[in-house]
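*Asks:* Show me the folded form of this:
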Amino acid sequence: MSTKPTTTDLDWTELDQRAVDTGRVLAADAVQKVGNGHPGTAMSLSPAAYTLFQKVMRHDPADPDWTGRDRFVLSAGHSSLTLYIQLYLAGYGLELDDLKAFRTWGSKTPGHPEYGHTKGVETTTGPLGQGVANAVGMAMAARYERGLFDPEAAPGTSPFDHFVFAIAGDGCLQEGISAEASSLAGHQKLGNLVLLWDDNHISIEGDTETAVSEDTMKRYEAYGWHVQRVEPQANGDLDPQALFTAIEAAKAETGRPSFIAMRSIIAWPAPNAQNTEAAHGSALGDDEVAATKRVLGFDPEKSFDVSEELVAHTRGAALDRGREARGEWEKSFAAWRTANQERAAEFDRIAAGELPAGWEEQLPEFETGKGVATRAASGKILQSLGTVIPELWGGSADLAGSNNTTIDKNSSFLPVGNPLPEADPYGRTIHFGIREHSMAAEMNGIALHGNTRIFGGTFLVFSDYMRNAVRLSALMHLPVTYVWTHDSIGLGEDGPTHQPVEHLASLRAIPGLNVVRPADANETVIAWREILKRYTKVFGKGAPHGLVLTRQGVPTYERNEAAAKGGYVLFDAEGGEAQVVLIGTGSEVQLAVEAREQLQAAGVPTRVVSMPSVEWFEEQDQAYKDSVLPPSVKARVAVEAGIGLTWHRYVGDAGRIVSLEHFGASADGKVLFREFGFTAEHVAAAARESLAAAAR
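*Replies:* Numbering: from 1, shown residues only. As a prediction, the model looks like this:
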């Protein structure tokens, strides 16, 4: 057994140390059994994880979703056993059989932690650095939540005060997303955030000297963080007492986020594997696992050997601490409810995912015929809804004036001490800065935290920067709303670097992401209304939405409630049954409408279908879909100013697609539409081709 640390402030027993060492051998055993995984980091981090879960964090294994809990994020998700073993020891519902089933089909212990799959897992991690940004978002949400319900309380006295703890590795901090998020966290002075860095000097390619030579601690000091280093014990193991002392100091530093560098030795105390890259991502091997067990005083002939006494100790301690902490919190929460009855009613509504009575009455109606950019319509909608939905907040990646995402120009989410006149630590408008990737991941963290509704904007072309975090939004079924503007070559002179071509099809390829591209201002109203109605934090039922909006003005049509079904008949055929169907989205719907007029004048009964959301349309039953796109009508044309990949299944063999299969150019948007064939005449010509093909 490894040496018991000498402690004063930290209550640490031989049984605690045995639990830490048990965590190490369980990590080695689990990876050895399945034959693949990442044992080394879980072994070296065992003291840190155990200290957090058993000695520091306010949490209750009997109620994993307790509102007042601290949050824990394992950004280094490859070391999932670091988390699973603590959930097992603390009594979150994992048992030894779950650890034995690590990384296998149907298990509760997949290769990387998955939100909604395993109790106690606060977010899905694995893509490095995402968890750092998630944690920043959670810390932001905690502050905004406090502002909603208890802004006058003194620091540390509110039932809405809690901490966000995260563990990150070298890989997390090398990814640019963590730099973006950490910069914002320092700027926001998120004193409720504690980031522990596993400074083990090892990555897949060996010693991190292969790729990194910066002074990471000075970097975090430059970001405005409170920075500490925890040195290992003489034998190389992490020191729980020193770590505990550092965490307590971090919690006391409420004016800055805290960064704790923990110098560790990967795979400690494996005699031959420690401090090697092989221990990062490969099983240690039977001989090395046995040798490690001998060092720690375990029987090398036994696997997954955990005494009943030890489990009783760890689970009893965690449950007792959780029960006591939750009991104290519930008293504080009850006192708050009594003193704040209106806010308590608001809390109950928001926690239930309900919207305030009469909120739909605040939605604007736009005059038909008038040209309005859908980004401008969205901005007016947000400002209207902001007056009645206090939990709705968000901003932009430094493009608010273009995205129209300023929900309240007089209230910016900025910390105490910021010199701007609109600065408010509980403000409505977030300035994410030019950090699209971290913005998306922070939005995920905000949604995961709960009790607010988040949106964030940038140009559609920059969704590529965000894609990995957007994918995780969909994977976790998170109710975040991405506002993507400047949605086509219609943005004009900025040219091909800023003109999205493949982005709509690419985003629609993400399972679980609903892409909504409204045709006009009134469709934008319905889109926002439907997105808000669909909000739910119930895992598996929620979904992220990408609202895709125009820079240029587009004609406004009469509001049609069927837009909420994703696709509907905007204008039907006249003079008989439809002979051809024209399908459009966004700014191209107007081209379909104009082409219909030409075809109708030529005696061809023509239907126009607006399809703002393919995903919403596909949710409808077949009878409805057939009523919009009659199977008997083989002549069809889809028109969208992007690649045509989405539309083949809707137009069929006889159909035609008016699309853009190449990059754009720098010129006025109207010129580009004309030169690239996005005209009513071209759409009408494509319809005639389709009619001829259908008649063959």
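
*Asks:* pLDDT averaged over stretch 217-228 - what is it?
*Replies:* Along stretch 217-228, the predicted local confidence has a mean pLDDT of 98.

*Asks:* Okay, buried residues for stretch 663-682 please.
*Replies:* In terms of neighbour count (16 or more other Cβ atoms under 10 Å), stretch 663-682 has its buried residues at 664, 669, 672, 673, 676, 677, 678, 679, 680, 682. Glycine gets a C-beta too; all of them are placed from N, C-alpha and C.

*Asks:* ok now it, how far from the chain's centre?
*Replies:* Computed by Cα atoms, centre = their mean, to the nearest Å, the separation of stretch 663-682 from the middle of its chain amounts to 35 Å.

*Asks:* ok, back up a step: which one of the buried residues of stretch 663-682 is nearest residue 416?
*Replies:* residue 669 (43.6 Å; Cβ to Cβ).

*Asks:* these two touch, right, that closest one and residue 492?
*Replies:* Yes. Residue 669 lies in contact with residue 492 (Cβ atoms under 8 Å); the separation is 3.9 Å.

*Asks:* what sits in contact with each of these two?
*Replies:* Contact criterion Cβ atoms under 8 Å, 6 or more residues apart in numbering; residues shared by residue 669 and residue 492: 551, 552.

*Asks:* if we can go back for a sec, got the buried residues of stretch 663-682 as TSV, with pLDDT and secondary structure columns?
*Replies:* Listed next are the buried residues of stretch 663-682 as TSV, based on pLDDT from 0 to 100; DSSP: H, G, I helix; E, B strand; the rest coil:
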residue	pLDDT	secondary structure
664	98	coil
669	97	helix
672	98	helix
673	98	helix
676	98	coil
677	97	coil
678	98	coil
679	98	coil
680	98	helix
682	98	helix
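
*Asks:* ok, and the closest non-adjacent residue to residue 657?
*Replies:* residue 644 (3.8 Å; Cβ to Cβ, 6 or more residues apart in numbering).

*Asks:* just how off-centre is the helix or strand hosting residue 280 within its chain?
*Replies:* Following DSSP states H and E, one finds residue 280 within helix 278-281. In terms of Cα atoms, centre = their mean, the centre of helix 278-281 is found 29 Å from the chain centre.

*Asks:* Other residues contacting that helix?
*Replies:* Judged by Cβ under 8 Å, 6+ apart, the contacts made with helix 278-281 from elsewhere in the structure are 37-41, 43, 78, 202-204, 266-267, 270, 273.

*Asks:* Can you add neighbour count and pLDDT and give those back as TSV?
*Replies:* Written out in TSV, the entries for the contacts of helix 278-281 read as follows (neighbours: other Cβ atoms under 10 Å; pLDDT from 0 to 100):
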residue	neighbour count	pLDDT
37	23	97
38	24	97
39	31	97
40	31	97
41	27	97
43	32	98
78	22	97
202	27	90
203	20	92
204	11	90
266	28	96
267	29	95
270	27	97
273	26	95
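
*Asks:* Narrow the residues you listed to those in strands?
*Replies:* Secondary structure assignment by DSSP state E places 202, 203 of the contacts of helix 278-281 in strands.

*Asks:* Could you dump the contacts of helix 278-281 into CSV and include distance to residue 247?
*Replies:* What follows is the contacts of helix 278-281, written out as CSV (distance: Cβ to Cβ, whole Å):
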residue, distance to residue 247
37, 28
38, 24
39, 25
40, 23
41, 19
43, 21
78, 23
202, 24
203, 26
204, 29
266, 22
267, 24
270, 27
273, 28
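
*Asks:* from the contacts of helix 278-281, which is closest to residue 655?
*Replies:* For residue 655, the closest of those turns out to be residue 78, at 45.9 Å, with distances computed as Cβ to Cβ.

*Asks:* What are the boundaries of the helices in the stretch 251-400 of the chain?
*Replies:* Using DSSP state H, counting those that start in this stretch, the helices of the stretch 251-400 of the chain run over 278-281, 286-296, 308-339, 341-351, 374-386, 400-403.

*Asks:* do the stretch 101-250 of the chain as well
*Replies:* Counting by DSSP H, counting those that start in this stretch, the segments of the stretch 101-250 of the chain that form helices are 130-149, 170-174, 176-188, 216-223, 240-252.

*Asks:* Run through the residues that contact the residue nearest to residue 657.
*Replies:* For residue 644, counting by Cβ under 8 Å, 6+ apart, the contacting residues are 505, 638, 657, 658, 659, 661.

*Asks:* and these, which are buried?
*Replies:* Taking 16+ other Cβ under 10 Å as the criterion, what is buried in the contacts of residue 644 is 505, 638, 657, 658, 659.

*Asks:* Can you tell me which of these lies closest to residue 282?
*Replies:* Minimum separation from residue 282 among those (Cβ to Cβ) is found for residue 505, which lies at 38.5 Å.

*Asks:* Who are the packing partners of the host helix or strand of that closest one?
*Replies:* Residue 505 belongs to helix 503-508 when elements are defined using DSSP H and E. Taking 3 or more Cβ pairs under 8 Å, 6 or more residues apart in numbering; DSSP states H and E as the contact definition, the neighbouring helices and strands of helix 503-508 are helix 463-475, strand 514-516.
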